Structures are given as structure tokens and as C-alpha cells.
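[1] Here is my input; please provide its structure:
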Amino acid sequence: MRTGNGAGREDVNVSVTGGQRVEIKGVPSIALIPKLTHNEAYRQRALLLIKEELNRRVVQPKDWRVTHTVFSEVDLKLRFPRLALAVDGLNQLNRGNVVVVNLPQFKGLLSFFTQLGRAFSDELADRLKVIACLEKPNLLTSEDISGVVTQEDFVPLCASLPAGPEDALIIFLSPTDDIKTAVETIEERCRLAFAGVPNETRKPKRDGTTLFERVLPGPDRMYPDTDSAPIPISVQHVATLMAGLPRAVSAQMTQMNEWHVPTDTHEYLLRHNLLPLFRRIVDEFSVSPVFVAALLGHTLKNIQGKMKPSAEFDYKKVYGLFKFVTENKLGIEIVKTMLPVVYEHPNIEFASVLELIDFKPATETDIQRDVPFLYKKFQQIKKSKRTGAVEDWIMGQVRRYAVGSLPLKEVRRMITEACHDI
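    Down below sits the predicted model:
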């Protein structure tokens, strides 16, 4: 089975309130879907804002029309040299005529932001590429945001045309045979702007933006059997399904940050899908989240790099280990001592692990009995005069047999008190 980018190609349908269904065709990566959906929703919202503004400006949208004027390249250079220099930057495969289109009442809308690095003028450029076959870059606008031309460069041109102060201009190169199609394409897309979001099929890009691909087919499409009436789903049914969903990863990450779980364990927990196991252990056994995360993301990760298991290791063994320790009323810290043995021999009985690590139950009396002897031993071999060095050394000696029998924090307290009394 093929996996990875491109192995699957999903069609993603997006619509926002007040908009229309837009199909993003052939998304090659599931990971790209959230970004594409976000950007497409943003784009549709921008188109709805343009719709509101256009309908405020134009009282009778049905009477709205574009006008265009055709110049030869020589004429443009003689009359408008600065614009001619900018036109030279367009794709020269489209050469033939210089066409200027006037869009009444569109001032400020061609540069209206729609997607990352894209404006409404790119909606027109995409359609000119697909429908009129004009290769990109295929147009300049009086609101060009790339810095190629300025609005002042268009002032002489506006004076020579029937263009008002609230109008916007588009310049493109086109062979004579394609002018009619190109102008109709621009007018059609601008008319659709009065309605908001057009039904389209769009092509996904790796940066999460989309391009116009084709008009979305209507009811009389090629495969009518795929068009079926929507199936109503009750709110109660949706609520039931949502209640059974696992917690979102983002919510679990927030919870781990609130618990101050070491950030260097996050990648390991996510890569091996251990968040459900991590949460289950914390909830069922009331163990410190920091301890569990460190056991998985530090201890187990380190063990995996040094040991090879004799059989396949299942992460559920870690849950079983916590359960065994809890049921036998052992100190939870002994899990860290038992884990290397369990990883190397996944099929071993947990009771046998205690024998292998030479575990013997210890009591507070045992600790209190050994501290004076260990204190004297330290005085003979001590190499540090640091405050607390004696307690640290005794803790290291006692820990070997105290772990699993007594909470280590309690052991440390007993050692500190005993040392102060000596």
C-alpha cells in the first residue's frame, strides 16, 4: 500500500454562512486540509465583504457593464511610456494587443485581500488563465500591490478613457481572437462578485491557498448518480457522536502544559500516539503527570535506544506495570526500576521482575537502623564538604532497597531528620 504525500487525493468542500459550496479538488495530503479549509473560508468571507460594498455602491447591478479599449503596443509606448514599460513585464506569449478594461465603481476592490499573498485581482487573473488561455502574469491593475506601477501612472490613461474617479482599470495583453473571450471572462467574474461567492472547483497549492480550476458543475453534471439528496442528521445524534470522540490533541497539549509536563517529551508522546495511554495512567492511578511523561518520554525512550526486546514490545505493558504496582501497594517509583526488564523481556511476569531486581520489602525501622551506620561511613570516605552532601549520599545507598516499599520523599525526610539528630 502506498503511503505519504500524494497517495490519497481528497476532494474538500468548503462553505461559510452566506456563501456557496466550493470544491477543492484533489488535496494530496490530509495534513493540508485544515490550512486549505481555513484559507478558503477566509477567502469566501472576503468575497462576501466585497459583495456588500458593491451592492452599496451600485443600485442596479443588472445594469452594470464593463467597457474596454484596445491599443497597439506602439501606440501605448508613445502615449503612456511608463505603463508600456510595466506591460513589458507581462507574459509575452500573450502579445498582440494591449487591452484596457474599465470596471465602474470597483475602486479599491481589486486590491482587496482574499488569501495569503493574493487579492481580488488574482480571481480575475486565474480565470483569464483557464478560460481565455492567457498565460500568467497576464494583467496589471490600477491598484497593483506589487509596486510595478502606481496609481499615478494610470492618471493619464484614465483621462483618455470614459473612466470615473470611483472606477478601476485592468490592462492585459491578448491576441485579437482572444480579446472578446477575455473581456467577457472579466465581466462575468465581476458580475459574480455582486452575488458573493461563486460555485467553483479550485486547485490546492502547498502554501494552503487555492486557484480557480473550473466552474462547479450544476444538477446536469456528468455523473448525476453521485448527486443525492442530503440526509438530515439530528442535533442529538451529533451530540452523541461527539461525546464518544477522543479529546482533541490541542486540548491534551494544553492540559500537559498546565501540568508542567516536560516539553521535550511532547514529540515522543505524539509520534508514538501515547497521549491516550498517558492520560489513562494519570486518571486511573492518580500518578503525577510529570512522572508518567518522564517515564515514557525520557526513560522508555532511552531504553529503546540501548536495548533490543526479545519479543515485540507493546506500550500497553506500561499500563499493566502501573496496574501491578498499584494492586500490590508498592511505591510507584519502582516502575522506573522494573521498566528496563519488562522492555527487554516483554512476556515476563511482573512478579518475576521483582525477583530479578532483588526487591525486598523495607520498613521505616530498617531506614532508621541503617542511617547512623551510613552516616559514619560517609565521614570516613567523604570527598565533599557541600551542605547536604551526607544526606544525598545516604539517600543514594538507601534508595536501592527502599524504592517500591516507601515513598522516596518520605525516605528523604527520615534521612534528613536522622542526620540532624546525630
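
[2] Tell me the buried residues in the helix or strand hosting residue 78?
    In the assignment (DSSP states H and E), residue 78 maps to helix 73-79. Buried residues in helix 73-79, defined by neighbour count with 16 or more other Cβ atoms under 10 Å: 76, 77. Glycine gets a C-beta too; all of them are placed from N, C-alpha and C.

[3] Pull the distance from the helix or strand following it to the chain's centre.
    The helix or strand immediately downstream of helix 73-79 is helix 81-87, counting by DSSP H and E. The chain centre lies 42 Å from the centre of helix 81-87; the measure is Cα atoms, centre = their mean, to the nearest Å.

[4] Could you export the helix or strand following helix 81-87 as PDB, CA atoms only?
    Scanning forward in sequence from helix 81-87, with DSSP H and E defining helices and strands, the next element found is strand 97-103. Taking C-alpha atoms only, strand 97-103 is exported to PDB below (Å, rounded to 0.1, in the frame of the first residue of the first chain):
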ATOM      1  CA  ASN A  97      -2.900  43.900 -28.400                       C
ATOM      2  CA  VAL A  98      -3.000  45.900 -25.300                       C
ATOM      3  CA  VAL A  99      -6.500  45.800 -23.800                       C
ATOM      4  CA  VAL A 100      -7.600  48.300 -21.100                       C
ATOM      5  CA  VAL A 101     -10.800  47.300 -19.300                       C
ATOM      6  CA  ASN A 102     -12.700  49.800 -17.100                       C
ATOM      7  CA  LEU A 103     -14.600  48.400 -14.100                       C
END
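
[5] ok so, going back, now do the helix holding residue 78: distance to the chain's middle.
    49 Å.

[6] That one - contacts with which helices or strands?
    Judged by 3 or more Cβ pairs under 8 Å, 6 or more residues apart in numbering; DSSP states H and E, the packing partners of helix 73-79 are helix 81-87, strand 97-103.

[7] got JSON lines for the ones you listed, with mean neighbour count and mean pLDDT too?
    What follows is the helices and strands packed on helix 73-79, written out as JSON lines (neighbours: other Cβ atoms under 10 Å; pLDDT from 0 to 100):
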{"stretch": "helix 81-87", "mean neighbour count": "17", "mean pLDDT": "90"}
{"stretch": "strand 97-103", "mean neighbour count": "22", "mean pLDDT": "95"}
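
[8] Can you redo those as a markdown table, where the extra columns are distance to residue 178?
    As requested, those are exported to a markdown table (distance: least, Cβ to Cβ, whole Å):
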| stretch | distance to residue 178 |
| --- | --- |
| helix 81-87 | 16 |
| strand 97-103 | 9 |
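
[9] Among the ones you listed, which comes closest to residue 40?
    Comparing the helices and strands packed on helix 73-79 against residue 40 with Cβ to Cβ, the closest turns out to be strand 97-103 (24.5 Å).

[10] Give me the sheet partners of the closest one and which way each runs.
    The strands beside strand 97-103 in its sheet (DSSP bridges) come out as strand 67-71 (antiparallel), strand 168-174 (antiparallel).

[11] May I see the buried residues of the first one?
    To tie it back to what came earlier, the one meant is strand 67-71. 68, 71.

[12] Please export the alpha-carbon coordinates of that strand; CSV is fine.
    What follows is strand 67-71, C-alpha atoms only, in CSV (Å, rounded to 0.1, in the frame of the first residue of the first chain):
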residue,chain,number,x,y,z
THR,A,67,-16.1,48.9,-21.2
HIS,A,68,-12.8,48.2,-22.9
THR,A,69,-10.4,50.0,-25.3
VAL,A,70,-7.7,48.3,-27.5
PHE,A,71,-4.3,49.8,-28.1
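
[13] where do the helices sit along the stretch 51-200 of the chain?
    Listed in chain order, the helices of the stretch 51-200 of the chain (DSSP state H, counting those that start in this stretch) span residues 73-79, 81-87, 120-130, 155-159, 179-193.
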